[in-house]
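Engineer: Sequence first, then the predicted structure:
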Amino acid sequence: MSRLRDALERGEFVVTGEIAPPLGTDLAAMRQSIETIGPYCHAINITDNQGASLHLSSLAASRIALEMGYEPIFQQTCRDRNRLALQSDLLAAWTLGLENVLIVTGDDPRSGDHPQAKGVFDLDSTQLLEVASAMNAGTDMLGRPLKGSTDFFMGAAMFPEAEPWDIQLLRAERKVEAGARFFQTQAIFDLAKLERTVAVMRPLGVKVIAGVIVLRSARAVDFINNRLAGLMVPDDIVARIKGASDVAIEAVALATEQVRAIRDIADGVHIMTLGLDSAVPQILGANQEA
Amino acid sequence: MIITQSRDWERIEADLDEIGASRVFIMGCGQCATVASTGGEKEVLEAKAKLEASGRTVTGWTIGEVTCHSGGTGLDTRKRSGDIEAAEAVLVLACGAGVQTVADAIAKPVFPGLESVFLGNVVRHGVFEERCQMCGECVLDKTAGICPVTTCPKGLLNGPCGGMWDGKCEVVVDRECTHVLIQRRLVEQGRHAQEVLSPKDYSKKLKPGSVNLREKKGGSR
Ligand code: SF4
Ligand code: SF4
């Protein structure tokens, strides 16, 4: 059984990390990242053509993480594959031993490195969650019996800071009805908004893993505010990071504070290091082990 | 109506050069391309001037009444058969459907003079917006008369996606998110929130579309 599921169901505070597979076939840097953050994580998200930009597939990279002894969260976006390919990859994932899947819509191709690409979006993320739920129940999306079913632990994304909240909430509830058992959130800065999210999700029996991003440089802050969809760093934090004598040290200090606060609110934390993998142990607190 | 835009002029010149056409007949369209200011009399005369500036002879021009209509275009081209006969190529300032209708009607090489871009609403004079992609399985009944297939840049039936921020779209950031607009209008109209819509049936929209009212009562697809 998925270690992530087991820990969440036992009420343990979980830690997830994130790895982007390489653009190419040289796996050395990816393996290095996995080795660095893996020991501190219950599971590691393996992104799927992150930022609508070309990377090696999440399917292959997730399997590599598994072979290295770490638990991956296979990510599947709706952007690049039609319903045949999505179902086929879900079946493949299960046979490769990938038990966790995070189902997301995906950024639009026009924001990525292949803006000429056709965005597929044959299914949206709610529909794909329903498809994966059907596979867990032993059928494909047409209701035909599968020769061997899946038993995925399914997650979805949510964005507690994005307004209007009533519409976010409705969307999140629909994802739960469609089969999501955990949410991983976009990076959170406003903890009151995290609290309101957890307050409505807990009664639904769904776990909330709150996102923390390491704002390792002034450039990273600008990139997030100008280019990254659905995320805004508030002004006071921009001032704190940009005004620091050592931005990286300040960013790690901020992330450490955030993780400490999130422990009292959510079911886990999802750390996005923006490449500063070596800071993960410190961010989790010196004696933390996963 | 069908929205067309001007086409890269160098490409048009290159098309004509490729077959060595120095004498050209031009055909516009009196319907959509006239309203879109791409294939009416003014634009046809502009194209004529440009062709002449590049050293070609324009043997004649006409504005088809409804250029995508086979019967009408057959008639329009027969009326001008002398001028068309004298040309080595015909340049059509109409949508792709119009270009093909002309290409079927005459034996000469026919080239597109415009780009066909979308089925558009005329928001006001000279302002066109795409609101329908003619998916063959309309969901406007469930979405308060706002089309997610077309006006959500990702075409998501259920949304908003994770990039929505302050009610604005992640992709076209100066636009309202379609899914926020849908939920808001449903509430305003006292209707219940949009139910989860099932995946679209793309077999409803297989290419090439065809309707024949003569074959079967009510038409067939
Ligand atoms: S759902 Fe949208 S694209 Fe389909 S027919 Fe209706 S308006 Fe047109
Ligand atoms: S923000 Fe809204 S309209 Fe824009 S792509 Fe996402 S769901 Fe579609």
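Structural biologist: Arrived safely, thanks for sending. Numbers count the residues shown, from 1 in each chain, chains lettered A, B, ... in the order given. Ligands and ions are numbered 1, 2, ... in the order given.
Engineer: Can you report phi and psi for A:G268?
Structural biologist: Dihedral pair for A:G268: phi 180, psi 180, per degrees, to the nearest 10.
Engineer: in chain B, which spans are strands?
Structural biologist: Counting by DSSP state E, one finds strands in chain B at the ranges B:2-6, B:23-29, B:57-64, B:89-92, B:110-112, B:114-124, B:127-130.
Engineer: Quick check: the residue sitting furthest away from the middle of chain B vs B:C147, distance?
Structural biologist: Distance from the C-alpha centroid of chain B, by Cα atoms, centre = their mean, peaks at B:G190 (36.0 Å). Going from B:G190 to B:C147 by Cβ to Cβ, to the nearest Å gives 21 Å. For every residue, glycine as well, the C-beta is placed using N, CA and C.
Engineer: Kindly report the same for A:L204.
Structural biologist: 31 Å.
Engineer: sec struct for A:V15, please.
Structural biologist: Assigned with DSSP: H, G, I helix; E, B strand; the rest coil, A:V15 falls in the strand class.
Engineer: mean confidence for stretch A:203-219?
Structural biologist: When pLDDT is averaged along stretch A:203-219, the result is 95.
Engineer: related to what we said a few turns ago, so A:L204 and B:C147 - more neighbours on which side?
Structural biologist: More neighbours surround B:C147 than the other of A:L204 and B:C147, with 19 against 13 (other Cβ atoms under 10 Å in any protein chain shown).
Engineer: How about the contacts made by that one?
Structural biologist: B:R131, B:C132, B:Q133, B:V139, B:L140, B:T178 (Cβ atoms under 8 Å, 6 or more residues apart in numbering or on different chains).
Engineer: from memory the first one sits against B:V122, does it?
Structural biologist: This points to B:R131. No: using Cβ atoms under 8 Å, B:R131 is not in contact with B:V122, being 10.7 Å away.
Engineer: and the two? which has more neighbours close in?
Structural biologist: For B:R131 versus B:V122, the count of surrounding residues by other Cβ under 10 Å is larger for B:R131: 17 against 14.
Engineer: do you know how far the more buried one is from ligand 2?
Structural biologist: Going from B:R131 to ligand 2 by Cβ to the nearest ligand atom, to the nearest Å gives 14 Å.
Engineer: Ignoring the adjacent residues along the chain, who's closest to that residue?
Structural biologist: Excluding its sequence neighbours, the residue lying closest to B:R131 (Cβ to Cβ, 6 or more residues apart in numbering or on different chains) is B:N121, at 4.9 Å.
Engineer: same check, this time on B:H192
Structural biologist: B:L186 (7.1 Å).
Engineer: can you redo the contacts of B:C147 as CSV with pLDDT?
Structural biologist: Below are the contacts of B:C147 laid out as CSV (pLDDT from 0 to 100):
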residue, pLDDT
B:R131, 98
B:C132, 98
B:Q133, 96
B:V139, 97
B:L140, 98
B:T178, 98
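Engineer: Now for these, which sits with the most neighbours around it?
Structural biologist: B:T178 (25 neighbours).
Engineer: Verify the stated contact: that one with B:G167.
Structural biologist: No: because the distance of 10.7 Å does not satisfy Cβ under 8 Å, B:T178 is recorded as not touching B:G167.
Engineer: my read is A:R219 is in a helix, agree?
Structural biologist: Yes: when three-state DSSP is applied, A:R219 is found to be in a helix.
Engineer: so how far is ligand 2 from it?
Structural biologist: Relative to ligand 2, A:R219 is positioned 25 Å away (Cβ to the nearest ligand atom).
Engineer: residues near that residue, how many?
Structural biologist: A:R219: 11 neighbours (other Cβ under 10 Å).
Engineer: can I assume the residue nearest to B:H192 is in contact with B:H179?
Structural biologist: No: the pair B:L186 / B:H179 is not scored as a contact, 10.7 Å apart, by Cβ under 8 Å.
Engineer: Just want to know which of these two has more residues nearby.
Structural biologist: B:H179 (27 against 18).
Engineer: Around the residue nearest to that one when sequence neighbours are not counted, how many other residues sit close by?
Structural biologist: Leaving aside its sequence neighbours, B:H179 sits nearest to B:G159 (Cβ to Cβ, 6+ apart; 3.3 Å). B:G159 has 26 neighbours, counted by other Cβ under 10 Å.
Engineer: just B:L45 next, same as before
Structural biologist: B:L45, neighbours per other Cβ under 10 Å, totals 14.
Engineer: buried residues in stretch A:204-213?
Structural biologist: Applying a neighbour-count criterion of 16 or more other Cβ atoms under 10 Å in any protein chain shown, the buried positions in stretch A:204-213 are A:V206, A:K207, A:V208, A:I209, A:A210, A:G211, A:V212, A:I213.
Engineer: which residues sit against that stretch?
Structural biologist: A:8, A:14, A:16, A:155, A:158, A:173, A:176, A:180-188, A:194, A:197-198, A:201-202, A:224, A:231, A:255, A:258-259, A:262, A:265-272, A:274, A:283.
Engineer: re earlier: who does the residue nearest to B:R131 bridge with?
Structural biologist: B:E129 (DSSP bridges).
Engineer: From the recorded domain assignment, give the ranges for chain B.
Structural biologist: Split into domains by automatic domain parsing, chain B comes to B:2-118, B:135-190.
Engineer: With distance to ligand 1 added, can I get these in a markdown table?
Structural biologist: As requested, the domains of chain B are exported to a markdown table (distance: least, Cβ to the nearest ligand atom, whole Å):
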| stretch | distance to ligand 1 |
| --- | --- |
| domain B:2-118 | 11 |
| domain B:135-190 | 3 |
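Engineer: can you tell which of those is closest to ligand 2?
Structural biologist: Nearest to ligand 2, of all the domains of chain B, is domain B:135-190, at 3.2 Å by Cβ to the nearest ligand atom.
Engineer: does any bit of that closest one sit next to ligand 2?
Structural biologist: Yes: interface with ligand 2: domain B:135-190 contributes B:152-154, B:156, B:159-161, B:163-164, B:169-171, B:177-179 (Cβ under 6 Å from any ligand atom).
Engineer: who in chain B is up against ligand 2?
Structural biologist: Checking chain B against ligand 2 by Cβ under 6 Å from any ligand atom, the hits are B:152-154, B:156, B:159-161, B:163-164, B:169-171, B:177-179.
Engineer: let's go with 5 Å and repeat that
Structural biologist: Neighbours of ligand 2 within chain B, by Cβ under 5 Å from any ligand atom: B:152-154, B:159-161, B:164, B:169-171, B:177-179.
Engineer: ok, the buried residues of stretch A:204-213 vs ligand 2, which is closest?
Structural biologist: For the buried residues of stretch A:204-213, the nearest to ligand 2 is A:G211 (18.5 Å; Cβ to the nearest ligand atom).
Engineer: Would you agree that closest one falls within a strand?
Structural biologist: Yes: under the criterion used here (three-state DSSP), A:G211 sits inside a strand.
Engineer: what about dumping the CA coordinates of stretch A:40-57 to PDB?
Structural biologist: Output of stretch A:40-57 as PDB, limited to C-alpha atoms (Å, rounded to 0.1, in the frame of the first residue of the first chain):
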ATOM      1  CA  TYR A  40      12.900  13.500   4.100                       C
ATOM      2  CA  CYS A  41       9.700  12.900   2.100                       C
ATOM      3  CA  HIS A  42       6.900  10.400   2.300                       C
ATOM      4  CA  ALA A  43       6.500  10.800  -1.400                       C
ATOM      5  CA  ILE A  44       7.900  12.900  -4.300                       C
ATOM      6  CA  ASN A  45       5.800  14.400  -7.000                       C
ATOM      7  CA  ILE A  46       7.200  13.800 -10.400                       C
ATOM      8  CA  THR A  47       6.000  16.600 -12.700                       C
ATOM      9  CA  ASP A  48       4.400  16.000 -16.100                       C
ATOM     10  CA  ASN A  49       5.900  18.400 -18.700                       C
ATOM     11  CA  GLN A  50       6.000  21.100 -16.000                       C
ATOM     12  CA  GLY A  51       5.100  24.600 -17.100                       C
ATOM     13  CA  ALA A  52       3.900  23.200 -20.500                       C
ATOM     14  CA  SER A  53       7.600  22.600 -21.300                       C
ATOM     15  CA  LEU A  54       9.200  19.500 -22.600                       C
ATOM     16  CA  HIS A  55      10.700  17.000 -20.100                       C
ATOM     17  CA  LEU A  56      11.100  13.300 -19.900                       C
ATOM     18  CA  SER A  57       7.800  11.600 -19.000                       C
END
